[in-house]
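Enquirer: one predicted model, sequence on top.
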Amino acid sequence: MELKDIDLNLLVVFNQLLAERKVSKVAENLGLGQPAVSNALARLRKLFDDELFTRTASGMQPTPFAEQLAESVGYALGMIHGAVNARNTFDPRNSKRSFTVGMTDIGEIYFLPPLMQRIEEVAPSVTISTVRNTATNLKDAMESGQVDLAVGLLPQLKAGFFQRRLFEQNYVCMFRKGHRLDQKKIRLQDFFGADHVAIVSAGTGHGQVDEILDNHSPQRQVKLKVPHFVAVGHILQSTDLVATVPERLAERMAAPFELRYLAHPVKLPKIAINMFWHAKFHKDPANQWLRSLVFDLHADASTGAKG
């Protein structure tokens, strides 16, 4: 006999008959009519060439062959049930799952400290790895499951992805304490009269802000260009350079580097920071858990789901 000749539903009926010994009870448990259960039993008898169950005053009694099958069939059905339902549960307290999150250096500075603190509390064996949103083909990596989530300003992730808004933020002007711009309000002419560090964050939506500033008249006096934000705090702390940075990054850098930030004198668009995941993993319990954790930690109260 080949496995292709066996209908799994017949084995479910067989297992139920072993447990209940009554056709009527099996029918009730499985949501079937009694004729359907009787028909399944007839097919089982033909398949195994054995009576399997005989009617007695105390119910359906298994034959010796049925008792021989009982343990193996029960074990096999249990394994199948466990396998198909494994994805329907995720126990963070006992999980050793490793997640990969796509984010920029801004994301690492802003999101990771509270996220890792919470994970230590609720999922002590779970680990997190980060990859740059620009260091890989993010779309393909997320579709294949190599990257579980991406967080940031990522307009390229559209078709095939879900997204959820975490917050919106403004850009601000940042500099060291005691800088000549360290006033109540920055005047436009003073901003463009200062020397600037420009952050060229390729592959993210932050480039739009650079375009606006570069096309402005007068233009910034850019003395330094860097490919990421992570060094900006050190640079501003020890120079008179000025940087245009997202407000929440400024909040994190101000105290450690003794910096100040003020509202930007140039009208710049707000930026929406979203969390993205591929549609293939929308119902994956582990992915759902991580999304909920990030959202609960970082979302503004007014934000909601999209997609």
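Expert: Everything's here; your move.

Enquirer: got the domain ranges for the protein?
Expert: The chain breaks down by automatic domain parsing into domains covering 3-88, 98-168+271-306, 171-263.

Enquirer: tell me which stretches of the stretch 1-150 of the chain form strands.
Expert: If DSSP state E, counting those that start in this stretch is used as the criterion, the strands of the stretch 1-150 of the chain fall at 53-56, 59-62, 98-102, 127-131, 149-152.

Enquirer: on that earlier part again, quick one: the domains of the chain as a markdown table, columns for mean neighbour count and mean pLDDT too.
Expert: All C-beta atoms are positioned from the backbone trio N, CA, C, and that covers glycine. Output for those, formatted as a markdown table (neighbours: other CB atoms under 10 Å; pLDDT from 0 to 100):
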| stretch | mean neighbour count | mean pLDDT |
| --- | --- | --- |
| domain 3-88 | 14 | 85 |
| domain 98-168+271-306 | 17 | 85 |
| domain 171-263 | 17 | 90 |
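
Enquirer: and the helices in this structure, which stretches?
Expert: 8-20, 23-30, 34-48, 64-85, 105-122, 138-144, 188-193, 207-214, 232-238, 247-257, 285-298 (DSSP state H).

Enquirer: next, format those helices as CSV and append distance to His264.
Expert: Converted to CSV, these look like this (distance: least, CB to CB, whole Å):
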stretch, distance to His264
helix 8-20, 64
helix 23-30, 66
helix 34-48, 71
helix 64-85, 52
helix 105-122, 16
helix 138-144, 29
helix 188-193, 8
helix 207-214, 9
helix 232-238, 15
helix 247-257, 9
helix 285-298, 23
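
Enquirer: may I see the strands of the stretch 1-150 of the chain organised as JSON lines, with distance to His179 added?
Expert: Below are the strands of the stretch 1-150 of the chain laid out as JSON lines (distance: least, CB to CB, whole Å):
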{"stretch": "strand 53-56", "distance to His179": "88"}
{"stretch": "strand 59-62", "distance to His179": "87"}
{"stretch": "strand 98-102", "distance to His179": "34"}
{"stretch": "strand 127-131", "distance to His179": "32"}
{"stretch": "strand 149-152", "distance to His179": "28"}
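
Enquirer: ok, which of the ones you listed comes nearest Cys173?
Expert: With respect to Cys173, and counting by CB to CB, the nearest of the strands of the stretch 1-150 of the chain is strand 149-152 at 21.3 Å.

Enquirer: pull up the pairing partners for that closest one, direction included.
Expert: Strand 149-152 pairs in its sheet with strand 98-102 (parallel), strand 271-278 (antiparallel), by DSSP bridges.

Enquirer: save the ones you listed as CSV, and put in distance to Asp214 too.
Expert: As requested, the strands paired with strand 149-152 are exported to CSV (distance: least, CB to CB, whole Å):
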stretch, distance to Asp214
strand 98-102, 27
strand 271-278, 17
